Structure formats: structure tokens, C-alpha cells
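*Asks:* Below are the sequence and a predicted model for it; my questions follow.
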Amino acid sequence: MAYTGFYLNTYSLDSQVTVYPGRDFIEDFYKNNKQSQSLTGQFNQYNIQSDHKRFSFSLTFISSSDQSVLNGWWENETDLYFGFNNGSFDDYEKVRITNQNKPVNAFSSMQEDLYAGVIQLKTTQSDEEFFQLVDESLNFLTDESSNILTS
């Protein structure tokens, strides 16, 4: 999909940073694997299918104020909205910056007063939210019309 603009906002919408990803923009899905151990010691692994996404892209020509905001969000593990515009409407994902090191930590090669870095984002919908949605709409133990225990 061809996007025309990208931005990062806090949940309270009190600050926004417009970002211009490089050509290395990556958007992919990832699986959540959960493991449990029974009382007998047997390990069980569950693959939870959900809409979790990862985004990764390089940034160049970042001002010092945007650099401090992005690095502050990373340090504080701030929940963010990652918004993108495809020309006709805006869409967003709830994300968190997940870099191992500061995301914007180098000077841009072209100008000494601008910064560069790589941003890694991951959506923040938790498994608890996922199971709560499933439990609210698909609880076969309490729904008499589909209760397999009473038939």
C-alpha cells in the first residue's frame, strides 16, 4: 500500500512527531507463543493467532527536538499511536518503540545538526485483551444456545 504520510502520537494527543521512513520500511505480522507446564511436568505450547504487527524503518534528517521526544518515548516505554495516511483516509495502530538501544542516536551524514536512526515498533494489543474479546462474544460455557455440556 502506498502511504503518503506517517506520524507518531501519544495516547493523550499532546505531542506528535511526523516521520519520513526510508525505503527500508518493513511491516510484518508476528505470532504470540505461550507455554505452560501441567502439574505432571508436561509442557504445552499455544500459538495465538492475532493481529500483532511489527514495523521497522530508518529515519534521517530528524531535528534535535524530535530526537529528544522519540528517545524519551523509548526510555519511558510510552504507548503511542502510529498513524499513516494513504491519500484518502488516516489509519493508526497502537504501538510501542521496541528498539534495544536508543532509536535516534547518530548524526545524519549530510548535516551536522540533524539526527538519524532506526525505529522498531510493535503493536500493543495484549493477549489478555484478545482473550477478553473472545470470552465476551464466544463463551460456550455460559451461552445456552451453544453449550455442549447440556446437550
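*Replies:* Structure's in. What do you need? Numbering: from 1, shown residues only.
*Asks:* hey, let's count contacts and neighbours off CA atoms from now on
*Replies:* Noted.
*Asks:* Quick check: residue 109 is in a helix.
*Replies:* No. Counting by DSSP: H, G, I helix; E, B strand; the rest coil, residue 109 is not part of a helix but coil.
*Asks:* Now the phi/psi pair for it, please.
*Replies:* phi -70, psi -20 (degrees, to the nearest 10).
*Asks:* any weak-confidence spans in the protein?
*Replies:* Residue ranges of the chain with pLDDT under 70: 1-4, 32-34, 45-51, 86-90, 125-151.
*Asks:* could you pull out the strands for it?
*Replies:* Per DSSP state E, the chain carries strands over the ranges 5-10, 16-19, 26-29, 32-37, 43-48, 53-62, 80-85, 90-97, 104-107, 115-123.
*Asks:* Ok, which of those strands comes nearest residue 73?
*Replies:* strand 90-97 (7.4 Å; C-alpha to C-alpha).
*Asks:* Run through the neighbouring helices and strands of the closest one.
*Replies:* helix 64-75, strand 80-85, strand 115-123 (3 or more C-alpha pairs under 8 Å, 6 or more residues apart in numbering; DSSP states H and E).
*Asks:* would you list these in CSV and tack on mean neighbour count?
*Replies:* CSV is the format used below for the helices and strands packed on strand 90-97 (neighbours: other C-alpha atoms under 10 Å):
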stretch, mean neighbour count
helix 64-75, 16
strand 80-85, 20
strand 115-123, 20
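*Asks:* re the thing from before, would you turn the strands of the chain into TSV with distance to residue 69?
*Replies:* TSV is the format used below for these (distance: least, C-alpha to C-alpha, whole Å):
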stretch	distance to residue 69
strand 5-10	10
strand 16-19	8
strand 26-29	23
strand 32-37	30
strand 43-48	34
strand 53-62	11
strand 80-85	12
strand 90-97	12
strand 104-107	10
strand 115-123	12
